[in-house]
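Engineer: dropping a prediction and its sequence here:
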Amino acid sequence: MTQRVFITGGASGLGRALALGYAKEGAKVCIGDINAEQGAVVEEEIRQHGGEGLYVNCDVRRLTDLEKIRDALEKKWGGVDVVVNNAGVASAGTIENSTMADWEWILDINVLGVVRGCKAFTPLFKKQGAGTFVNIASMAGLMLAPLMSSYNVSKAGVIALSETLTHELRDDGIHVSCVCPAFFQTNLTQSMRSDIAGVQQSVGKLMKRSTITADDVAKAIIRSVKDRDFWVLPHVKERRMWILKRHAPWAFDWLMHQESKRWMKKMGGAA
């Protein structure tokens, strides 16, 4: 059967790569985004890659947006097979100087945006007796580096939600995949908020150095949905660090502390 896919934040970055990856398989792909101009471009790209494309305006801070999209796709396509909760933003800063407004902003989008996506589409998935949630978290939610507390917390929240739902919804035929990539090239720094001078440039350099691309992550996600895997950890080095954290936490703590001191010194923080 032709897959029916909905992706939040689908007009750029990983969302776009996923949309085009599914399009190559002949899927029907709806991208939800707040950037209408770029959304229209990706809608056409989906068609050019062999899929059926649809752009809809979607702000994940509004549950009503997601509910309207759910109802519209059920009417148009008869249902949805995969919902990718991808929309997200980034922030960095010290606990002393990061503002509560920035905390509320990132948690509203990165955590509650995923919550709203799952809440809106769960009734449809239950009615269908099948469906997959792909929740985009980050290795930041597992590794917890300094100067990124609000971002780390937001991604750890996505991981916690995903682990909870995989047990809560499994008997309803609903699968959950939790994606935790490390650095790869996206436009995430464009909307990044920080009280640390130059942090966007530093993060941008780390992204550019990565040998993993958005297309690589998208392929890993599509494969995980087919294989019904929960964890999607595309970066080998960080995956090994996560295994070390689980099996030798004292060693992980020592390595992270050394890396943290270097990072904080580079960013101008107190080591």
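Structural biologist: Arrived safely. Because the structure is a prediction, the values reported are computed rather than measured. Residues are numbered from 1 along each chain as shown.
Engineer: center of the chain - which residue?
Structural biologist: Residue closest to the average C-alpha location in the chain (Cα atoms, centre = their mean): Ile136, at 2.4 Å.
Engineer: enumerate every residue touching it.
Structural biologist: Taking Cβ atoms under 8 Å, 6 or more residues apart in numbering, we find Ile136 in contact with 14, 84-86, 88, 114, 158, 179. Placement of C-beta: from N, CA and C, glycine included.
Engineer: let me know the closest of those to Met100.
Structural biologist: Taking Cβ to Cβ as the measure, Met100 lies nearest Gly88 of those, at 19.5 Å.
Engineer: so the residue lying closest to that closest one once chain neighbours are set aside, which of the three states?
Structural biologist: Nearest non-adjacent residue to Gly88, counting by Cβ to Cβ, 6 or more residues apart in numbering: Asn110, 4.9 Å away. Following DSSP: H, G, I helix; E, B strand; the rest coil, the label given to Asn110 is helix.
Engineer: what's the neighbour count on Asn110?
Structural biologist: 27 (other Cβ atoms under 10 Å).
Engineer: so it makes contact with Val158?
Structural biologist: Yes - using Cβ atoms under 8 Å as the test, Asn110 is close enough to Val158 to be in contact (6.8 Å).
Engineer: helix or strand next in line after the lowest-mean-pLDDT helix or strand in the chain, which one?
Structural biologist: None of the helices or strands of the chain scores lower by mean pLDDT, DSSP states H and E than helix 199-209, at a mean of 53. Note on helix 199-209: by DSSP states H and E, the next helix or strand toward the C-terminus is helix 214-227.
Engineer: what's next to that following helix, contact-wise?
Structural biologist: Identification of contacts with helix 214-227 by Cβ under 8 Å, 6+ apart yields 13-14, 16-18, 20-22, 25, 82, 84, 132, 134, 175, 177, 179, 181, 184-186, 229, 232, 234.
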